[in-house]
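> Below are the sequence and a predicted model for it; my questions follow.
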Amino acid sequence: MKKLALLLLALAAPSARAQTILHDENTFRSPQHWALEVRFGPYSPDVDAEFQSAAEPPHYKYFLNKKKLLFQLELDYQFFHAFGSAAVGLQAGYFREGAQSYDVQGIDRSGDHTALSLFPGAVQLVYRMDVPAKRLGIPLVPYAKAGLSYTYWRITDANGDTARGDDGSKGRGGTPGWQAAAGLAIMLDWIDPASARALDAETGVNHTYIFGEYAHYAATGLGRKNALHVGDSTWSAGLMFEF
């Protein structure tokens with residue numbers, strides 16, 4: 001009888017250990033404090049907002065107000081997780097558009113090339129309603145953002161140098177402003193929960209998302225005179241990783 005009891009105990013031990021490991025895999029989540037976003041979207045700086053009465057607004061004349069791609073990176077520090085998540089975020093982006101410049105008379109296009117480059121940055125507050133996704137398994141996470149921005153801009157000539165006006169002024173500067181956005185993220189963990197848990201255990205990435213958002217970039221100078229208007233209202237889409 002004693003030997004039988006020892007045998008049953010030996011057989012039960014691996015089974016209990018397996019159940020413990022399975023339970024840990026199902027519930028394990030590494031600490032979550034950060035979110036990283038990568039996004040792309042169409043953009044066209046609203047330079048002509050200051051020249052609405054002009055017969056040929058400068059941005060339309062050179063670039064035809066066609067939208068080009070804006071690339072952005074955002075890093076958020078999540079300091080609140082009680083009811084949804086709140087974060088303070090830093091955002092940086094890059095935008096460039098080019099066209100053939102005009103001749104001295106300003107009538108015909110020349111063989112030279114000019115370009116406008118933007119380097120927008122922002123500090124903002126972010127709130128994500130992720131309670132349904134994390135507690136109920138509903139993978140939809142609406143969110144909102146708002147903050148202050150500063151956009152460095154530069155106009156280059158055919159040689160790639162900073163362009164100069166007839167009065168000697170340089171074609172570069174910065175425009176302060178504000179921005180706000182709202183969007184919807186889809187948590188991808190539900191596609192393969194086991195792989196999502198394994199990714200968390202191995203790399204510390206808690207959740208991955210795809211998202212789309214609509215934003216208003218009011219880069220108008222915050223009341224400052226002679227500020228180049230480089231904002232826009234547009235949409236973007238991308239990937240987010242929480243870790």
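All right, it came through fine.
> rest of the way, CA atoms for contacts and neighbours
OK.
> Do a quick rundown of the helices in this protein.
Assigned by DSSP state H, the chain shows helices spanning 2-27, 58-63, 131, 193-203.
> Number of residues surrounding Met187?
Residues near Met187, counting by other CA atoms under 10 Å, number 22.
> do Leu118 as well
By other CA under 10 Å, 21 other residues sit near Leu118.
> How about Gly137?
Gly137: 13 surrounding residues under other CA under 10 Å.
> Least confident of the helices of the chain, on average?
With a mean of 38, helix 2-27 has the lowest mean pLDDT of these.
> Check Lys134 and give its pLDDT.
Here, the pLDDT recorded for Lys134 equals 89.
> what does Ala158 give?
pLDDT, Ala158: 74.
> same thing with Asp108?
Asp108 carries a pLDDT value of 59.
> Could you do Phe51 as well?
Phe51 carries a pLDDT value of 79.
> if I pick it, what's in contact with it?
Neighbouring residues of Phe51 by CA atoms under 8 Å, 6 or more residues apart in numbering: Pro57, Pro58.
> Then Gly93?
Neighbouring residues of Gly93 by CA under 8 Å, 6+ apart: Leu70, Phe71, Gln72, Leu73, Leu118, Phe119, Pro120, Gly121.
> and if we set it to 7 Å?
Leu70, Phe71, Gln72, Leu73, Phe119, Pro120, Gly121 (CA atoms under 7 Å, 6 or more residues apart in numbering).
> surely the fourth one meets Phe40?
No - with contact taken as CA atoms under 7 Å, Leu73 and Phe40 are classed as non-touching, separated by 9.1 Å.
> Low-confidence stretches in this protein?
Along the chain, the parts satisfying pLDDT under 70 run over 1-28, 53, 102-111, 166-168.
> For it, just list every one of the strands.
Using DSSP state E, the strands of the chain run over residues 34-43, 68-80, 85-102, 109-128, 140-156, 172-187, 207-218, 232-242.
> send the alpha carbons of the first one over as PDB?
Yep, that's strand 34-43 we're talking about. Taking C-alpha atoms only, strand 34-43 is exported to PDB below (Å, rounded to 0.1, in the frame of the first residue of the first chain):
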ATOM      1  CA  TRP A  34       5.200  52.600 -22.300                       C
ATOM      2  CA  ALA A  35       3.600  52.700 -25.700                       C
ATOM      3  CA  LEU A  36       5.300  53.100 -29.000                       C
ATOM      4  CA  GLU A  37       3.400  54.200 -32.200                       C
ATOM      5  CA  VAL A  38       4.500  54.200 -35.800                       C
ATOM      6  CA  ARG A  39       2.100  56.000 -38.200                       C
ATOM      7  CA  PHE A  40       1.800  57.200 -41.800                       C
ATOM      8  CA  GLY A  41      -0.800  59.500 -43.400                       C
ATOM      9  CA  PRO A  42      -1.500  62.000 -46.100                       C
ATOM     10  CA  TYR A  43      -0.600  65.600 -45.300                       C
END
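> Flag every buried residue along stretch 123-138.
Neighbour counts over stretch 123-138 (16 or more other CA atoms under 10 Å) mark Val123, Gln124, Leu125, Val126, Tyr127, Arg128, Met129, Asp130, Val131, Ala133, Lys134 as buried.
> ok, the residues you listed vs Gly171, which is closest?
Closest approach to Gly171 among these (CA to CA): Val123, at 25.5 Å.
> Could you measure from that closest one over to Tyr217?
13 Å (CA to CA, to the nearest Å).
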